[in-house]
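In: fold the following, please.
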Amino acid sequence: MDLESTLICAEHTGHYGYPLLKVCLENEYSLWVEGGAEIKQRSGVTRYKNDKVDAIRIADYAKRYQDKAKIQKSELYAIESVRSLSSERELFIK
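Out: Predicted coordinates for the structure are as follows:
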């Protein structure tokens, strides 16, 4: 697989997606993280919901809308990390 021309698309899952984000940024892979609501809205009516079906929907979405992809940058990762740490801090304070 040619990773230079590969676009990895994932559904935004909050802090659960940080390991994927970190690996992609460290290895300079093109990563596009899209909101689940956007993917669902553009996918039309859906009857089934499981991981395999969701993966196929995300792949179809990515192929169809790849021209609108927003590739993640390292600056965004730093901002998200600070947000996550700030949220944790607030939780410990409460």
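
In: and the strands in the chain?
Out: Shown for the chain, the strands assigned by DSSP state E span residues 7-11, 30-34.

In: and the first one, how far out from the chain's middle?
Out: Distance of strand 7-11 from its chain centroid, counting by Cα atoms, centre = their mean, to the nearest Å, is 6 Å.

In: what's the angle between it and strand 30-34?
Out: For strand 7-11 against strand 30-34, the angle by axes from the mean of the first three to the mean of the last three Cα atoms, to 10 degrees is 20 degrees.

In: now do the same for residue 44: its pLDDT.
Out: Residue 44 carries a pLDDT value of 70.

In: quick revisit: make JSON lines from the strands of the chain and add mean pLDDT and distance to residue 19 to it.
Out: Glycine gets a C-beta too; all of them are placed from N, C-alpha and C. Listed next are those as JSON lines, based on pLDDT from 0 to 100; distance: least, Cβ to Cβ, whole Å:
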{"stretch": "strand 7-11", "mean pLDDT": "91", "distance to residue 19": "11"}
{"stretch": "strand 30-34", "mean pLDDT": "90", "distance to residue 19": "12"}
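
In: possible to save those strands as a markdown table with mean neighbour count and distance to residue 73?
Out: Below are the strands of the chain laid out as a markdown table (neighbours: other Cβ atoms under 10 Å; distance: least, Cβ to Cβ, whole Å):
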| stretch | mean neighbour count | distance to residue 73 |
| --- | --- | --- |
| strand 7-11 | 17 | 14 |
| strand 30-34 | 19 | 10 |
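
In: out of those, flag the one nearest residue 50.
Out: strand 7-11 (13.7 Å; Cβ to Cβ).

In: related to what we said a few turns ago, including distance to residue 82, could the strands of the chain go into a markdown table?
Out: Output for those, formatted as a markdown table (distance: least, Cβ to Cβ, whole Å):
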| stretch | distance to residue 82 |
| --- | --- |
| strand 7-11 | 21 |
| strand 30-34 | 17 |
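
In: among these, which is nearest residue 71?
Out: strand 30-34 (5.2 Å).
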